[in-house]
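**Q** Need the 3D shape of this:
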Amino acid sequence: MKSLFLTRHAKSSWNHVGLSDIERPLNSRGEKAAPFMGQLIYEKSDIPDLLISSPANRAFSTAKAFAKIFGLIENDIIINDTIYGAGPYQLLDIVKEQDNFHQSVMLFGHNPTFTTFANMLTNENIFNVVTCGVVKIDFNVKNWLDIDYGSGIMNYYEYPKKYQKKS
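**A** The predicted structure is shown next:
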């Protein structure tokens, strides 16, 4: 059994004129949501074996918040430049390249690709993986290389607003 977590970066700021897209930081909502969601996954005892992030500041900042909750350090996060701007086929290549020693991998990246990728892997119909949303997909395989579209089962889709108190 292999498990893949697709984690969309937390909410980012558009207030920094002159910063490129890849440099955009998290906004205050994102800075709160990332550790909250990391803690939620941690409390499910669902700590992935490997964290891989887009190089974008907002994605890597989200990964660092999760890593801290998981008891990892920044150097434990692998940055994969391909994730930034990747399509679903490039993401599938990244997944298939993983060492079979790892049973679970968490990718940190971007939409619209993460929503499309989650739906293609599971044949589900998630309308939108929202900021800081985490989709866990399980695969009944022993090798990452055997993962393909339609071969996954969505275990859960968690996101911050699901846990906000209704007023």
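**Q** Next one, pLDDT for K165 please.
**A** pLDDT, K165: 69.
**Q** Dig out what Y156 forms beta bridges with.
**A** On the basis of DSSP bridges, Y156 is bridged to K136.
**Q** Quick one: residues contacting L107.
**A** L4, F5, L6, T7, I52, S53, I83, L91, I94, V95, F114 (C-beta atoms under 8 Å, 6 or more residues apart in numbering). The C-beta positions use only the backbone N, C-alpha and C, and glycine is treated the same way.
**Q** Look at it and give its secondary structure.
**A** Secondary structure for L107, judged by DSSP: H, G, I helix; E, B strand; the rest coil, is strand.
**Q** Return the set of residues that bridge with it.
**A** When bridges are called by DSSP bridges, L107 pairs up with L6, I52.
**Q** for this protein, which spans come out with low pLDDT?
**A** For the chain, the stretches with pLDDT under 70 are 165-167.
**Q** Report all helices and strands that the helix ranked longest in the chain contacts.
**A** Identified as the longest helix of the chain according to DSSP state H is helix 28-43. Applying 3 or more C-beta pairs under 8 Å, 6 or more residues apart in numbering; DSSP states H and E, one finds that helix 28-43 contacts helix 57-69, strand 134-139, strand 152-158.
**Q** Mean neighbour count and distance to Q164 added to the ones you listed, as a markdown table?
**A** Shown next, in a markdown table, are the helices and strands packed on helix 28-43 (neighbours: other C-beta atoms under 10 Å; distance: least, C-beta to C-beta, whole Å):
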| stretch | mean neighbour count | distance to Q164 |
| --- | --- | --- |
| helix 57-69 | 23 | 18 |
| strand 134-139 | 22 | 16 |
| strand 152-158 | 17 | 13 |
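**Q** Would you mind listing the outside residues contacting the longest helix of the chain?
**A** Contact with helix 28-43 is made by 5, 7, 9-13, 26, 47, 58, 61-62, 65-70, 131-132, 134, 158-160, 163, as judged by C-beta under 8 Å, 6+ apart.
**Q** Before I go, just wanted to say thanks for your time.
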